[in-house]
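>>> build me a model from this:
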Amino acid sequence: MAAKRASALDRIDVKILAALQRDGRSTIQKLAETVGLSPRASLERVRRLEASGVIAGYQAVVELRHITRPVNVFAEIILEKHANRVRFEKRLAALDEVVECWEVSGTVDYLARFVSADLAAYEELTSALIDDLHLGVARIVSHVALRPIRRFTGYPESLLLTRKPG
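All right, here's what the predicted structure looks like:
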């Protein structure tokens, strides 16, 4: 089923989005109290935001340090053959260890975040990417993360109010 086009968001929609980013398990009753609506009206708005695709889903935030101590590596990836871009992107998307990847402008083509069991596992992954001539990877510059300073916890409310034209 295709998502409906999102109508303009008002301040209450923004409050709902901000509250759900902070606590995706919030009850409708608690959400209603936070935004100043009835539970029924809050539920209708949440369902509208979900149906329009503004709310894309919900997920648990797993704190890996309580389970394991993986290595986080931010990698700058440069392709030598941009004709292989689609093949390369499909390969990255298929790797569970690639938890995030962005195509970027500038001197590199992609920024990817890898989470691996250890540096040896990461090195094996990146060597396989470089060695696969069909992917056209020229170079991977790796930055091992030491500790998080600030993690993503949701978008600022000021961005939620901004509507793209069209």
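
>>> which SSE is the residue nearest the centre of the chain in?
By CA atoms, centre = their mean, the chain has its centre lying nearest to E100, at 6.2 Å. Assigned by DSSP states H and E, E100 falls within strand 98-103.

>>> which helices and strands does that strand pack with?
For strand 98-103, the elements it packs on are helix 85-94, strand 110-116, judged by 3 or more CB pairs under 8 Å, 6 or more residues apart in numbering; DSSP states H and E. Any C-beta I mention is one placed from the backbone N, CA and C, and that applies to glycine too.

>>> pretty sure the residue nearest to the centre of the chain contacts F114?
No. Between E100 and F114 there is no contact under CB atoms under 8 Å: 9.1 Å.

>>> residues of stretch 33-50 that come out buried?
34-35, 37, 42, 45-46, 48-49 (16 or more other CB atoms under 10 Å).

>>> on that earlier part again, what sits opposite the residue nearest to the centre of the chain in the beta ladder?
Note on E100: beta-bridge partners by DSSP bridges are R113.

>>> tell me which residues of the lowest-mean-pLDDT helix or strand in the chain come out buried.
Lowest by mean pLDDT, DSSP states H and E among the helices and strands of the chain is helix 157-161, with a mean of 85. Using 16+ other CB under 10 Å as the test for burial, helix 157-161 gives L160.

>>> what comes into contact with that helix?
Taking contacts as CB atoms under 8 Å, 6 or more residues apart in numbering, the residues outside helix 157-161 that touch it are 9, 11, 13-14, 17-18.
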